[in-house]
Each structure stands twice: as C-alpha cells, then as structure tokens.
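**Q** predicted model follows, preceded by the sequence.
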Amino acid sequence: MKVEIWSDIICPFCYIGKRNIETVLSQFPEAKSIEIEWKSFQLDPTFPQIATDNHEEYLAKRKGFPVEQVKVMLQNVTNTAKQAGLDFHLEQSVIVNSYNAHRLIQFAKTKGLGDEAEERFFKAYFTEGKDMANLEILTALGKEIGLDEEELQVAFTDNQYAEKVNQDIDEARAIGVTGVPFFVFDRKYAISGAQPPQAFLQALEKSFGEWQQQNPKAKLEVSNGESCDVDGNCE
C-alpha cells in the first residue's frame, strides 16, 4: 500500500512528521507492505537562490514579527523536534530556494534512494545549517547517500527532473494541499501536518485494513517435489 508524502526540505514540521510516521512504521506489523513515496512541494518559490537570512532574521525582517516573538516561536519548534528525537539548530538554518534540492530528490527516487535523500537533506538543513540551494553542497550530499557524482549532475540539467517537481506541485494543488507535510494513505485518507504518532497509526491501520481486503494474499495448494531451497539445500 502506498503512502504519499508532500514535503519541503526547508519545512521543520516535515522533518518532524517524517520521524513520527517512521516511529509508527517501526512498530507496524505489516510495515514491509507499505511503500513511502516522497512528493515535492515548495512553501515559497520566491525564496532566494543565494542565502541572505536565517530563520530568525527572515521572520523578523520579512514577516514583521517582533524579535522576541520569533525567538519563542523557533524555540517551540525546536522543543517539538526534540520530542521526536531531532536536534534542530534553527539559528543556523538559512532561508533559500529548495527547487534544486527537489530536483535531486526526484533523481534519487529513480535510484531507490528517495527516502535517504529526504533524511540527509533534512539533517543538513535543520541540524547542520547547510545552504540547500548550493549545487556543490547538494552534490556532496548526494554522494553521501550513494549517488554517483557525475551521474547525479543530470538532476540539475535534465528538464525531466524539473518537470517531476512541477508535476508534484500541480498535483498537490489539484487535491487541495495548501501546506506541508501532507500525508495521503492509499489515495483514500489524508493527514495534514506533523501530527502525533497515534494519528498516523489510526490512519495507517484503517487504510491498510481496507487495502488488505482488496488485495488478499494468495493462498495456494502446493504439490511438493524435488527442489532446492534458499539455504542451498537440494533434495
């Protein structure tokens, strides 16, 4: 059963939501039957390609929030992240455009490394304060998760990966996504936001139960003969 997650790697609650659903999946008996697909989303496509402000400066200067209010807001987010086992350093996180990062994630998905890319990019941004619009940094992070340095450059030059990003964003609009994270279970149920693990468990149990009824495991009558097993025994 597929669970689709619309996410932006510069969204703190997307990282928190990722960890919360992972907590549920680690205890879910049928976790091997769940396929996670990451979908691209941009909170603000107008964010700059070159970093100028960190989170505190952006909220204070661009949004007009009082500095003390911003500090409290960011500390609350940091505390929420800590409850999910994450170490945020929002004072280091710089506001940049995430489009190139999404292109690389789309490429990583073709190599079966979409989840690894999401995880590494989230950590790089929220814990390590890396500039996630910088192509050299993105390339280095791609290499860390096992992508070939020369091959992954197509993520930034081949329009098919940009088109995949755009398709995800268009699809989000079509189904009414206005904020992330946004989780869709088997195209039947959805959860908006980084809700507690219990909320994910309820949605997962309900959607998987229905999916399982529609996709029952095959029960075969087997006539046994001479064969070899996976342990190398032949008899």
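**A** Looks like it came in fine.

**Q** quick one, what contacts the residue lying closest to residue 71 once chain neighbours are set aside?
**A** Among residues not flanking residue 71 along the chain, residue 56 sits closest, at 6.9 Å (Cβ to Cβ, 6 or more residues apart in numbering). Every C-beta, even on glycine, is put in place using the N, C-alpha and C of the backbone. With contact taken as Cβ atoms under 8 Å, 6 or more residues apart in numbering, residue 56 is in contact with 67, 70-71, 74, 90-91.

**Q** export those to TSV and tack on secondary structure, distance to residue 228 and neighbour count?
**A** Shown next, in TSV, are those (DSSP: H, G, I helix; E, B strand; the rest coil; distance: Cβ to Cβ, whole Å; neighbours: other Cβ atoms under 10 Å):
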residue	secondary structure	distance to residue 228	neighbour count
67	helix	70	12
70	helix	65	19
71	helix	66	16
74	helix	60	19
90	coil	57	22
91	coil	60	13
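
**Q** ok so, going back, relative to residue 147, how far out is the residue nearest to residue 71?
**A** To residue 147, residue 56 is 33 Å away according to Cβ to Cβ, to the nearest Å.

**Q** hang on, the earlier thing: state the pair within the contacts of residue 56 that is farthest apart.
**A** The distance between the two most remote of the contacts of residue 56 (Cβ to Cβ) is 13.8 Å, for 67 and 90.

**Q** about what we covered before: adding distance to residue 175 and pLDDT, write the contacts of residue 56 out as a markdown table.
**A** Listed next are the contacts of residue 56 as a markdown table, based on distance: Cβ to Cβ, whole Å; pLDDT from 0 to 100:
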| residue | distance to residue 175 | pLDDT |
| --- | --- | --- |
| 67 | 37 | 89 |
| 70 | 32 | 92 |
| 71 | 36 | 92 |
| 74 | 30 | 95 |
| 90 | 30 | 93 |
| 91 | 35 | 88 |
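
**Q** for the protein, what helix or strand is lowest in average pLDDT?
**A** Least confident helix or strand of the chain, by mean pLDDT, DSSP states H and E, is helix 55-57 with a mean of 88.

**Q** shaky segments in the chain?
**A** Applying pLDDT under 70 to the chain flags residues 218-222, 230-232.

**Q** that one: helices as residue ranges?
**A** In the chain, the helices defined using DSSP state H lie at 12-25, 55-57, 67-83, 99-110, 114-126, 135-144, 149-152, 154-157, 159-174, 197-214.

**Q** from the chain's centroid, how far away is the second one?
**A** If I follow you right, that is helix 55-57. Remark: helix 55-57 is offset 23 Å from the chain centroid, using Cα atoms, centre = their mean, to the nearest Å.

**Q** and what of stretch 162-177?
**A** Offset of stretch 162-177 from its chain centre (Cα atoms, centre = their mean): 15 Å.

**Q** swap in stretch 141-150?
**A** Stretch 141-150 has its C-alpha centroid displaced from the chain centroid by 18 Å (Cα atoms, centre = their mean).

**Q** buried residues, it. List them.
**A** Residues of stretch 141-150 classed as buried by neighbour count (16 or more other Cβ atoms under 10 Å): 141-142, 145, 147.

**Q** including distance to residue 202, could these go into JSON lines?
**A** Shown next, in JSON lines, are the buried residues of stretch 141-150 (distance: Cβ to Cβ, whole Å):
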{"residue": "141", "distance to residue 202": "34"}
{"residue": "142", "distance to residue 202": "36"}
{"residue": "145", "distance to residue 202": "32"}
{"residue": "147", "distance to residue 202": "36"}
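
**Q** between the residues you listed, which is nearest residue 155?
**A** Taking Cβ to Cβ as the measure, residue 155 lies nearest residue 142 of those, at 7.6 Å.
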